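S.K.: Sequence and predicted structure, then a few things I'm wondering about:
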Amino acid sequence: MKKLTVDQLDDLAIGSAILGSGGGGDPAYFYMMANYLMEKLGPVSIIKTSELKPDDFILPLGMIGAPLVETEKFPTGREYVSLIRDVETATGRKVTVLMPCEAAGSNAFVPVMIGNQLGLPVLDADLMGRAFPEVQMCSNRLLGLPPAPAFISDCLGNSVIINAQNSLTLEKIARQITISMGSWGLFADRPMTAQEAEKCVIHKSMSRALSIGKAHREAKAKGTDPLEAVLNLCKGLCIGTGKITDIDRTISKGFLKGSVAIQNKNDRLEICFQNEYLLAKCNGKILATTPDIIMLMEQETGEPITSESLRFGLKVDLIVLPSPSIWTTKQGLAVVGPRYFGYETDYLPIQKSRQKVLSLT
């Protein structure tokens with residue numbers, strides 16, 4: 001067990017935003033709320049899966065909806081009160097451990113804030129290893145755990161229990177409920193036993209986000225390039241640079257969808273997104289695809305830019321980091337690969353991205 005302290009929240013904000021691949025929500029606002037709570041209530045315990053007790057009951061949590069709505073509609077605290085009540089009533093068990101559905105973007109902060117207020121530890125794991133836009137895109141679904149019951153609540157304390165027969169139905173029902181709640185809500189996946197968590201989670205996700213943020217921070221403190229530090233740590237690649245010249249962005253069916261164009265002296269880059277950045281092209285040629293982690297970094301500050309934070313005129317670096325291996329399997333790509341999102345292309349591994357970038361230079 002280790003303690004997550006207020007001094008580490010900056011690292012978590014940067015690291016989780018990078019792992020968010022443009023989605024997961026901009027952590028800036030949740031960072032401020034977590035900072036306030038931690039200064040008031042103290043640090044939060046982070047535990048490994050090996051430290052779980054046999055009778056622990058683990059609840060995966062995260063925000064669901066369009067990240068842009070998060071910038072206008074903040075949590076009130078009513079969300080988690082009604083949601084935890086529903087979980088414990090429906091299952092007849094007390095929640096003993098929280099974990100993020102995705103340790104990425106603002107969602108990395110959700111179990112931290114709730115755990116701080118309830119005195120519950122947070123598991124050093126998640127279900128995605130990055131951010132994805134749909135609730136069935138989780139390791140526990142891929143590895144066979146049933147989807148029911150799942151839970152949604154909103155900032156007014158309204159809540160719904162979903163008993164879906166399969167994971168795609170869960171996504172469809174949850175998305176419609178989220179839209180009726182104003183395209184933003186708190187989601188809890190089916191709770192897990194300690195044995196299920198050991199088998200089905202992506203381990204050390206919170207630690208990974210913290211280590212990325214730490215590498216970024218230490219590089220800036222030394223006056224070296226934080227982007228290079230992150231790429232070296234994650235075995236990533238910078239695949240383009242330029243200035244944002246066009247943004248096409250709208251909230252559709254509960255998602256933030258669109259594209260962003262980046263221009264430099266010789267090339268036009270384009271990124272397509274559905275909450276997360278899913279596809280990157282240069283002059284029409286595909287450079288990177290989901291499930292690899294595509295991210296934009298502001299050149300001036302070296303900080304990550306989420307899809308809701310895109311602004312005209314920003315000078316950016318376009319990077320790609322390797323996906324967790326679970327998503328590059330045949331079964332994983334069927335759920336989160338580019339063809340699932342309607343792109344007529346197969347997954348382009350980061351090794352091939354490297355070759356394509358070299359051929360363009």
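M.R.: Everything's here; your move.
S.K.: need the helices for the stretch 101-250 of the chain, in chain order.
M.R.: 110-118, 139-142, 167-180, 194-200, 205-222, 226-234 (DSSP state H, counting those that start in this stretch).
S.K.: list the helices and strands the longest one packs on?
M.R.: This means helix 205-222. Applying 3 or more CB pairs under 8 Å, 6 or more residues apart in numbering; DSSP states H and E, one finds that helix 205-222 makes contact with helix 9-19, strand 125-126, helix 226-234. Every residue, glycine included, has its C-beta placed from N, CA and C.
S.K.: Out of the ones you listed, which is the most enclosed?
M.R.: strand 125-126 (a mean of 30; mean count of other CB atoms under 10 Å).
S.K.: what does that one contact?
M.R.: Strand 125-126 has contacts (CB atoms under 8 Å, 6 or more residues apart in numbering) with 49, 60, 99-104, 197, 201-206.
S.K.: Most neighbours out of these, which is it?
M.R.: Most neighbours among these, by other CB atoms under 10 Å: residue 103, with 36 neighbours.
S.K.: With respect to residue 242, which of the helices of the stretch 101-250 of the chain lies nearest?
M.R.: Each of these has some distance to residue 242 by CB to CB; the shortest is helix 226-234, at 14.5 Å.
S.K.: quick one: that closest one to helix 205-222, angle?
M.R.: Between helix 226-234 and helix 205-222, the angle comes out at 140 degrees (axes from the mean of the first three to the mean of the last three CA atoms, to 10 degrees).
S.K.: Do I have it right that residue 256 meets residue 105?
M.R.: No: using CB atoms under 8 Å as the test, residue 256 is too far from residue 105 to be in contact (12.0 Å).
S.K.: Report the set of residues contacting both of the two.
M.R.: Shared contacts of residue 256 and residue 105, defined by CB under 8 Å, 6+ apart, comprise 23, 67.
S.K.: Among those two, which residue is more densely surrounded?
M.R.: More crowded of residue 256 and residue 105, by other CB under 10 Å: residue 105, with 36 against 26.
S.K.: Nearest spatial neighbour of that one, chain-adjacent residues omitted?
M.R.: Spatial nearest neighbour of residue 105, chain neighbours left out: residue 24 (2.3 Å); criterion: CB to CB, 6 or more residues apart in numbering.
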